[in-house]
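S.K.: Model the following, please.
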Amino acid sequence: MTTPVVLVTGALTGIGRATALAFAREGARVVISGRRDDEGQKLAAELQTLGAEAEFLRSDVRHEDDVRSLIDKTVARFGRLDAAVNCAGTEGTPGPVTEQTAETYAATFDTNVLGTLLSMKHEMRVMLAQGSGSIVNISSTYGHTGAAGASLYSASKHAVEGLTKSAALEAAPSGVRVNMVAPGPIDTGMLKRFTGTDERKAGLVAKVPLNRVGRPEEIAQTIVFLTSDKASFITGASYLVDGGKTAQ
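M.R.: Predicted coordinates for the structure are as follows:
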């Protein structure tokens, strides 16, 4: 297959945006999804200038009707779905466990966990029928290690790890692969919001052996690899891309 069809949720900023651009440069047909129409149309136009067939479809991954429609419209437009990258996510409300509420829990888990579950459900619906496909979810190093002051975000990414591994086992007999990328500190808007100050960001960088934050493009290249035939024997895996942070 020379022109795969790729869906990227949460595609309008950060890792999602870099991933959409990376697939466009690889010659894929790309469907991007997010909640802001103007930004979505602008990104679709940018992908088209790279020579890619690209379309923006508005969707909120917290709502199953939106996700079902997103997948159905993708297949109606391009005839199949070869790869899906579930980038939609939120840092939620940082703070200690004692300050969290049912509302902050729901705001974090509805996007990071329910959104990932609903996306995989409908992506797999198509891919299992095809007998092929690759899904990549975005986890985090905090899904492996935990983090003081980021309890709900960390817990949500632990959940993504478990969901992904379970889905990988279910899908493997049909030839569908499901993996994760677990980034460390990446230079995105989410990192800026989470650290809040240059001093806190510098403190985080000091814990990275490569002595810098990562770039969204570096995560995108790992994602492109995982969806490719070069990774055909990889499923249920979580790739830590963190500059050595978790190796310490």
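
S.K.: so what's the residue nearest to the spatial centre of the chain up against?
M.R.: By CA atoms, centre = their mean, the mean C-alpha position of the chain lies nearest to Cys87, the distance being 2.3 Å. Listed by CB atoms under 8 Å, 6 or more residues apart in numbering, the contact partners of Cys87 are 8-11, 14-16, 19, 138. From N, CA and C alone the C-beta is placed, and that goes for glycine too.

S.K.: Please apply the same query to Lys245.
M.R.: For Lys245, the contacting residues are 141, 184-185, 207-209, taking CB under 8 Å, 6+ apart as the criterion.

S.K.: same deal with Pro216?
M.R.: Contacts of Pro216 (CB under 8 Å, 6+ apart): 14-15, 17-19, 186-188.

S.K.: Looking at the contacts of Cys87, which are in strands?
M.R.: Filtering these for membership in strands, criterion DSSP state E, returns 8-9, 138.

S.K.: which outside residues touch stretch 38-45?
M.R.: For stretch 38-45, with CB under 8 Å, 6+ apart as the criterion, the contacting residues are 11-12, 17, 20, 32-34, 54-58.

S.K.: same deal with stretch 127-134?
M.R.: Among residues not part of stretch 127-134, those counted as contacts by CB under 8 Å, 6+ apart are 80-84, 123-124, 126, 135, 171, 174-179, 226-227, 231.

S.K.: One more pass at 7 Å, please.
M.R.: For stretch 127-134, contacts defined as CB atoms under 7 Å, 6 or more residues apart in numbering pick out 80-83, 171, 174-177, 226-227.

S.K.: ok, Arg215 touching Pro185?
M.R.: No - with contact defined as CB atoms under 7 Å, Arg215 does not count as touching Pro185 (10.8 Å).

S.K.: Looking at these two, which one has more neighbours?
M.R.: Shown here are Arg215 and Pro185; by other CB atoms under 10 Å, Pro185 has more neighbours (21 against 14).
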